[in-house]
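1. pasting the sequence and the predicted model now:
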Amino acid sequence: MIQVESLVHRYGETAALDGIDLTIEDGECVALAGANGSGKTTLVRHFNGLLEPDEGSVTVNDRDVSENLVAARTAVSMVFQHPEDQLVAATVGADVAFGPENLGLDRDEIDRRVEESLTAVNLAGRESDRVDTLSGGEVERLAIAGALAMDPDHLVLDEPFTGLDEPARQSVLNRLGELREDGTSLIIVTHDLRDVISLADRVVVLSNGRVVLDGEPADVNDELAHFDVRAPDSPC
């Protein structure tokens, strides 16, 4: 479980998050939506201690994130909005293996995770490719594979479908559906719900650093346009 209580985060004098209360249950898929600047990315970066609260608290699996960053970052894996920022190795296979290696897993388990994760994003067989030769969409898929390989309790994806072609998009969606069925919590940050609505149990919408909508997709659909969120049935 991820639990956020009275969370405030400021950039200078500006409150990017202004008293957020939010609970994400184990195995739940939450679409975290809102316009640019609403606080979505700032919020999820508290889930594994990339940012520290100015006020309030964040707990993951009943442990305050600030007490053990290693535990938080093992439990919560994140795919950033700019995925090139999280690549750490020269080749595709080495990059995906980096996280599992740091968990101290044996070689067979690492290799299994690398193979499964690359298959999930349509990069199977490309372990030896250099990351600096990948296209933008391939970099995004590689970052997702690296997060999947960590086998986290909670997976956060910040605008994960930007730049993906349709086969890759569908492959990633299929894998997320499998993770959901297996009990992994999913938090998908987006301003466009069309891709994720089939997965989402809840839609949480932020505006000006506050939760303004929180409910099942059908219950909040009619209100989404008021907060610059593209509803599932909106035209392209």
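-> Structure's in. What do you need?
2. from E140, how far out is D95?
-> D95 sits 13 Å away from E140, going by C-beta to C-beta, to the nearest Å. Bear in mind the C-beta positions are built from the backbone N, C-alpha and C, glycine included.
3. with neighbour numbers in mind, choose between these two.
-> Taking neighbours as other C-beta atoms under 10 Å, D95 and E140 compare with E140 leading, 26 against 22.
4. can I take it that the more buried one is in a strand?
-> No. Counting by DSSP: H, G, I helix; E, B strand; the rest coil, E140 is not part of a strand but helix.
5. packing partners for the lowest-mean-pLDDT helix or strand in the chain?
-> None of the helices or strands of the chain scores lower by mean pLDDT, DSSP states H and E than helix 166-181, at a mean of 84. Contacting helix 166-181 under the criterion 3 or more C-beta pairs under 8 Å, 6 or more residues apart in numbering; DSSP states H and E are the following elements: helix 107-120, helix 136-148, strand 154-158, strand 185-190.
6. would a markdown table of the ones you listed with mean pLDDT and distance to T42 be doable?
-> Listed next are the helices and strands packed on helix 166-181 as a markdown table, based on pLDDT from 0 to 100; distance: least, C-beta to C-beta, whole Å:
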| stretch | mean pLDDT | distance to T42 |
| --- | --- | --- |
| helix 107-120 | 94 | 27 |
| helix 136-148 | 89 | 19 |
| strand 154-158 | 94 | 11 |
| strand 185-190 | 94 | 11 |
